[in-house]
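*Asks:* Build me a model from this:
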Amino acid sequence: MPLTLPFASGIAAQEYLSAEEGAARAHEHGCTHWYIDFSLEADQPCTWSPERVQGLRALTSRLGVSPILHGNFRAPLATEIPEVREGTLRYLSTELHLAERLGCPLVIHGGCVVDPRPTRSARRAALARFLSAVELILEEADRRGVEIWVENLSHYPRHRPFSYVFTGHDDFAEAKRRIPELTFVFDIGHANVNQGFPVAILDDFAGDIRALSVSNNDGQADSHLGLHAGTIPLGQVVGLLKRRSWQGTVVFETRGTPVVSGVDLLRSLWERN
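*Replies:* Sure thing, here's the model as predicted:
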């Protein structure tokens, strides 16, 4: 039986399997979509021959599931080194090429910067470099007919000198100010890490959020717990989705927890609100 939620236009699984295994598992669980994760060695863009692309297209047609390409979150789009940035943009072109061939959206991330002084000004500069890269990516994506979704990463303020880029409300606001057409995947697990859960992101940018990535954690680390565990105020989240009449893809990244249990919990919260 296909899984459904009142606010979900699609339900996706992310189980960190190879593309072909992930498609089969998504179909088995009743999902409409699944993630192909370019951070997995087996699915990096260099592994995709024309024959593999053709084979996956045939598999998705047979199973009735659709991919979402989850770009490699390690790609350093916010780097201050021009040569590294140019190489990263060339790499992103390979992700875009595959998204075009497979006819699906591509999720991109701010990546990580290394700075011995992770100050607010350093974070703002990194965000500006990332958004400059996003503008270039969007130009190519438009030519290729590929939809781009930017995903927020976790905030680790004490993990100096390493810092993820694009994590909080101010980053969403600056991104929309600079690139009004930008759309997002809002990862509620990432948003909960060391920030308290920022309900305002979901409230303020609901119209620009194309997908929710859902998991839970204790607010200290992105542990991808099932939705029944952790500190995210899921009742408040679902109530807001209902109030805003939000519709989009819901991606389950709950390691070791069946997708159906998360679907059942979210449906019960929807019915209570």
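
*Asks:* Against Ala211, how distant is Ala8?
*Replies:* Plainly put, Ala8 is 10 Å away from Ala211 if you go by C-beta to C-beta, to the nearest Å. Quick note: C-beta positions are derived from backbone N, CA and C, even for glycine.

*Asks:* Spit out the residues that contact these two alike.
*Replies:* Residues touching both Ala8 and Ala211 (C-beta atoms under 8 Å, 6 or more residues apart in numbering) are 248-250.

*Asks:* Considering the residues you listed, which possesses the most neighbours?
*Replies:* For the shared contacts of Ala8 and Ala211, the largest number of neighbours (other C-beta atoms under 10 Å) sits with Val250, at 24 neighbours.

*Asks:* For that one, give me its contacts.
*Replies:* Neighbours of Val250 in contact, by C-beta under 8 Å, 6+ apart: 5, 7-8, 10-12, 211-212, 214, 266.

*Asks:* Sitting in strands, which of these do you find?
*Replies:* Judged by DSSP state E, the contacts of Val250 include 8, 10-12, 211-212, 214 as members of strands.

*Asks:* ok, of the residues you listed, which come out buried?
*Replies:* The neighbour count (16 or more other C-beta atoms under 10 Å) marks 8, 10-12, 211-212, 214 as buried among these.

*Asks:* rewinding a little: which of the contacts of Val250 lies closest to Ala200?
*Replies:* Proximity of the contacts of Val250 to Ala200 (C-beta to C-beta) peaks at Leu212, which lies at 15.4 Å.

*Asks:* so that closest one bridges to which residues?
*Replies:* Beta-bridge pairing of Leu212 under DSSP bridges involves Phe186, Val250.

*Asks:* confidence score at it?
*Replies:* For Leu212, the pLDDT comes out at 98.

*Asks:* again with Pro161
*Replies:* Note on Pro161: pLDDT of 82.

*Asks:* you'd agree it is up against Asp115?
*Replies:* Yes: between Pro161 and Asp115 there is a contact under C-beta atoms under 8 Å: 5.5 Å.

*Asks:* the more surrounded of the two?
*Replies:* Asp115 (15 against 11).

*Asks:* Name all residues that make contact with the more buried one.
*Replies:* By C-beta under 8 Å, 6+ apart, the contact set of Asp115 is 122, 126, 160-161, 163.

*Asks:* go with 6 Å
*Replies:* By C-beta atoms under 6 Å, 6 or more residues apart in numbering, the residues touching Asp115 are 122, 161.

*Asks:* same deal with Arg101?
*Replies:* By C-beta under 6 Å, 6+ apart, the contact set of Arg101 is Val53.

*Asks:* can you tell me how far it sits from Ala58?
*Replies:* Distance of Arg101 to Ala58, given as C-beta to C-beta: 13 Å.
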